[in-house]
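sharing a model that was predicted from the sequence below.
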Amino acid sequence: MSETVHLKIQQFGPISDIDIVFNKYTVLIGKQGAGKSTIAKLYSMFTWLEKGLARRTVSDKYITQFSRFQKNYCAYHRLDSYFKTNTIIKFYGLHYNFFYEEGKLQIEEIEHQENYNVAKVMYVPAERFFLSTVDNPMNLKNLPESLKTFLDEFENAKIVLKAGYHLPFNNIAFEYDAQHKISWIKGEDYKIRLSDASSGYQSVIPLTLVTKFLSDLVQDNANKEELGFQERKQIEKEVNKVMNDKTLTEEVKFAMLRTISSRFKYSRFVNIVEEMEENLYPESQMSILFDLLDYTNRIELNRLVLTTHSPYIINYLTLAVKAFQLDRKVSGNDDLSSRINEIVPLQSVVNPAKLFIYELKDGKAIQLSNYDGLPSDEIFLNIQLRLTNEMFDQLLEIEEEFDNKD
């Protein structure tokens with residue numbers, strides 16, 4: 001089974017023609033409106049549909065009938081108006097392929113498997129900070145559906161981590177008063193409501209809490225997660241069917257029950273984060289990125305997808321790649337490995353073969369090249385920084401010209 005996922009899109013919203021491979025770490029960069037979020041949302045939706053199909057909680061017939069793909073599933077991410085008469089979308093997943101063309105969706109199962117790598121999928125929207133601006137966000141009305149889903153997980157995370165969670169920077173702790181439904185952040189000598197905190201904390205707390213909560217859920221409680229009523233009924237139905245089939249041997253029954261079980265447990269965490277750098281100081285961006293990479297690295301099939309406007313993110317990823325390369329080069333030298341770990345935590349290093357960075361421009365996506373495995377700095381984010389320096393030099397030239405005339 002391939003570990004990569006392939007997404008092709010033509011004539012959909014701002015996208016004219018893109019071909020993207022999602023690996024363990026996938027980063028999408030580009031100007032506003034370039035299509036970063038569109039790609040991330042489609043990836044999230046198809047990965048979620050794979051889970052539903054694997055668990056048999058939804059059928060391919062249900063998904064493909066009555067334009068539900070457009071009117072229900074794409075509308076969930078507010079993509080239903082992005083369709084054009086010549087829209088083509090192809091998603092090649094781990095277990096299912098999806099093909100949309102000429103207004104119709106087709107689904108094919110890649111092959112019958114005994115074990116399904118079912119994903120816990122979380123889309124972290126850029127609007128997450130909005131949930132921190134009030135003490136009880138569950139009272140908020142008219143939220144987008146994707147933000148409602150994230151809010152549900154945020155509330156679950158608060159309950160589980162209410163006794164205290166430390167951010168990976170500034171020695172800040174989070175606490176939750178479940179009785180009064182108030183979130184707090186604590187420094188060394190102060191304690192304030194999250195709703196009164198800075199925009200950086202309001203953005204990062206929902207992201208980090210939900211990431212830790214779901215990562216721990218997948219890693220530590222994969223066989224114990226609470227199933228919904230529909231899922232429990234589906235398990236019961238399938239198990240009874242197998243057990244009551246007198247034509248099956250005990251060996252075959254055991255194999256079939258194992259297959260059913262694999263469909264109803266999470267074996268990987270797919271974390272899709274919009275603008276993780278939102279309202280954060282560069283040093284804090286690095287700490288949060290390394291934290292996200294740590295959770296991603298805990299299970300082989302975990303995935304991290306980032307959309308970003310920050311040149312620092314690419315630079316910090318370069319550090320994580322170099323640390324990976326150097327740690328393998330000095331393997332066995334504990335002293336040198338320890339020094340590497342002080343710069344980049346070794347649990348956050350990045351295998352360059354599994355890092356794909358795409359720059360979106362003019363409706364297309366170009367994969368960022370690399371040099372000796374390190375991401376190229378020839379991206380528009382860095383080019384804009386150099387352009388600023390060039391513009392400043394031009395101003396200095398004008399000043400020099402004026403001074404010389406005097």
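Done, it's in.

going by C-alpha atoms from here, please, whenever you check contacts or count neighbours.
Will do.

quick one, what contacts residue 284?
Residues counted as contacts of residue 284 (C-alpha atoms under 8 Å, 6 or more residues apart in numbering) are residue 169.

only C-alpha atoms, please: export the helix or strand containing it in CSV.
Residue 284 is part of helix 282-297 when elements are defined by DSSP states H and E. Only the C-alpha atoms of helix 282-297 are listed here, as CSV (Å, rounded to 0.1, in the frame of the first residue of the first chain):
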residue,chain,number,x,y,z
PRO,A,282,8.7,34.1,14.9
GLU,A,283,10.3,32.3,17.8
SER,A,284,6.9,31.1,19.0
GLN,A,285,6.2,29.9,15.4
MET,A,286,9.2,27.7,15.6
SER,A,287,8.2,26.2,19.0
ILE,A,288,4.7,25.5,17.7
LEU,A,289,6.0,24.0,14.5
PHE,A,290,8.4,21.7,16.3
ASP,A,291,5.5,20.7,18.6
LEU,A,292,3.2,19.8,15.6
LEU,A,293,6.1,17.8,14.0
ASP,A,294,6.6,15.9,17.3
TYR,A,295,2.9,14.7,17.2
THR,A,296,3.2,13.9,13.5
ASN,A,297,6.3,11.8,14.1
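
so residue 177 touches residue 162, yeah?
Yes - counting by C-alpha atoms under 8 Å, residue 162 is a contact partner of residue 177 at 7.0 Å.

what residue is smack in the middle of this protein?
residue 272 (1.4 Å; C-alpha atoms, centre = their mean).

surely it forms part of a strand?
Yes - Residue 272 forms part of a strand when assessed by DSSP: H, G, I helix; E, B strand; the rest coil.

got the end-to-end distance for stretch 82-89?
Stretch 82-89 has an end-to-end distance of 12 Å (criterion: C-alpha to C-alpha, to the nearest Å).

quick one: mean pLDDT over that stretch.
For stretch 82-89, mean pLDDT is 95.

in that stretch, what counts as buried?
Neighbour-count burial for stretch 82-89 flags 82, 83, 87, 88, 89 (criterion: 16 or more other C-alpha atoms under 10 Å).

equivalent analysis for stretch 148-160, please.
In stretch 148-160, the ones that count as buried by 16+ other C-alpha under 10 Å are 148, 150, 151, 153, 154, 155, 156, 157, 158, 159.

thought residue 210 was touching the fifth one, still the case?
Yes - in this structure, residue 154 sits in contact with residue 210. The criterion is C-alpha under 8 Å, and the distance is 5.5 Å.

which SSE is residue 6 in?
Using DSSP H and E, residue 6 falls within strand 5-12.

which parts of this structure are helices?
All helices of the chain, identified by DSSP state H, fall at 36-54, 60-64, 68, 75-76, 145-160, 199-220, 229-243, 250-263, 282-297, 311-329, 334-343, 380-405.

tally of neighbours for the residue nearest to residue 134 when sequence neighbours are not counted?
Excluding its sequence neighbours, the residue lying closest to residue 134 (C-alpha to C-alpha, 6 or more residues apart in numbering) is residue 195, at 5.2 Å. Residues near residue 195, counting by other C-alpha atoms under 10 Å, number 21.

ok, residue 195 to residue 204 distance?
Shown here: residue 195 relative to residue 204, a distance of 13 Å by C-alpha to C-alpha.

what's the answer for residue 126, then?
If you go by C-alpha to C-alpha, the gap between residue 126 and residue 204 works out to 10 Å.

equivalent analysis for residue 324, please.
For residue 324, the distance to residue 204 (C-alpha to C-alpha) stands at 26 Å.

go on, residue 310?
Separation of residue 310 from residue 204 (C-alpha to C-alpha) stands at 15 Å.

between the two, who's got more neighbours?
Higher neighbour count among residue 310 and residue 204: residue 204, with 22 against 18, using other C-alpha under 10 Å.

good, wrapping up.
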